[in-house]
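S.K.: The following comprises the amino acid sequence and a computationally predicted model.
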Amino acid sequence: MSLKAKLEAIIYAAETPITLDHIIQLLNESAVAEGATDDEVKSRVHVVLEELIDDYAPADRGIEIRQIAGGYRMSTKPEQHDVVRDFAKSLKPPIRLSLPALETLAVIAYKQPVTVPEISEIRGVDSSGVIATLLDRKLITTAGRKAVIGRPILYKSTKEFLLRFGLKDVAELPSMEEFEKLVAESFQNELVPLSDNGVEVVSSDVGDRRVESEPAVAATDMEAASTEPHAGESDPAA
């Protein structure tokens with residue numbers, strides 16, 4: 001990968017303006033391994049960075065690289081603010097799920113199609129109220145009835161679920177061990193950030209920034225923060 005491509009990717013992915021020193025620090029190890037001195041690396045990065053800024057400068061480009069608060073940040077140009085603002089307003093708002101709802105969704109995603117009694121048995125609590133919450137948010141849907149006594153309804157994940165979690169299909173779900181680790185780490189930080197189509201959009205008067213999140217479940221602007229439970233939710237943990 002060329003140096004310019006690396007710089008472009010780093011600036012695009014940075015959540016906050018990234019300084020030249022930080023960029024050099026990220027690239028320095030591989031450059032030094034190739035025999036370049038620190039001064040040579042800094043000089044080269046500075047030159048290529050200016051070339052990259054010039055690449056985005058023409059009027060037919062909707063994005064620019066700007067110097068903000070001592071760092072570099074990729075953003076839409078001010079003259080495109082109105083159209084980007086309208087686009088941002090059209091996006092679906094983040095979904096907030098309680099921990100019981102996220103647990104139930106995980107069971108359905110990995111065991112689908114599955115019935116409420118089966119979900120409740122796995123979780124150890126009544127999950128019927130949480131099911132209503134997930135149905136309201138269109139993350140799950142019905143999948144017929146199971147051919148057993150009582151013919152309970154089967155549930156499966158939806159296309160909306162795939163969109164929210166940035167998955168091609170359920171085959172891309174991480175292993176249960178990886179998922180449990182992800183949830184544990186995420187709730188230590190009080191939320192699981194996942195975005196609509198895996199993209200976070202931040203609006204401001206000077207333009208909008210578009211940052212791609214991590215792929216799949218770890219990527220993804222669904223926030224699994226504690227919220228008020230859905231009406232009628234019978235899970236005591238909810």
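M.R.: Structure received.

S.K.: what about this protein, any weak spots by pLDDT?
M.R.: Within the chain, the segments meeting pLDDT under 70 span 1, 29-36, 182-183, 185-238.

S.K.: Walk me through the domains of it.
M.R.: 3-76, 99-218 (automatic domain parsing).

S.K.: Quick check: which of those is buried the most?
M.R.: domain 99-218 (a mean of 17; mean count of other Cβ atoms under 10 Å). Yep, even glycine has a C-beta here, placed from its N, CA and C like the rest.

S.K.: show me where this structure has helices.
M.R.: Secondary structure of the chain (DSSP state H): helices located at 3-13, 20-33, 38-56, 81-90, 99-111, 116-123, 128-136, 159-165, 176-188.

S.K.: got these as a markdown table, with distance to G71 columns?
M.R.: A markdown table is the format used below for those (distance: least, Cβ to Cβ, whole Å):
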| stretch | distance to G71 |
| --- | --- |
| helix 3-13 | 9 |
| helix 20-33 | 7 |
| helix 38-56 | 11 |
| helix 81-90 | 21 |
| helix 99-111 | 34 |
| helix 116-123 | 45 |
| helix 128-136 | 40 |
| helix 159-165 | 31 |
| helix 176-188 | 27 |
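
S.K.: Ok, which of the ones you listed comes nearest Y72?
M.R.: Among the helices of the chain, the nearest to Y72 by Cβ to Cβ is helix 3-13 (5.3 Å).

S.K.: Can I get that closest one as PDB, trimmed to CA atoms?
M.R.: Extracted in PDB, the C-alpha atoms of helix 3-13 (Å, rounded to 0.1, in the frame of the first residue of the first chain):
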ATOM      1  CA  LEU A   3       2.100   6.000   1.800                       C
ATOM      2  CA  LYS A   4      -0.600   8.300   0.400                       C
ATOM      3  CA  ALA A   5      -3.200   5.500   0.700                       C
ATOM      4  CA  LYS A   6      -2.100   4.800   4.300                       C
ATOM      5  CA  LEU A   7      -2.400   8.500   5.200                       C
ATOM      6  CA  GLU A   8      -5.900   8.700   3.600                       C
ATOM      7  CA  ALA A   9      -7.100   5.700   5.500                       C
ATOM      8  CA  ILE A  10      -5.700   6.900   8.900                       C
ATOM      9  CA  ILE A  11      -7.300  10.300   8.600                       C
ATOM     10  CA  TYR A  12     -10.600   8.900   7.400                       C
ATOM     11  CA  ALA A  13     -10.800   6.500  10.300                       C
END
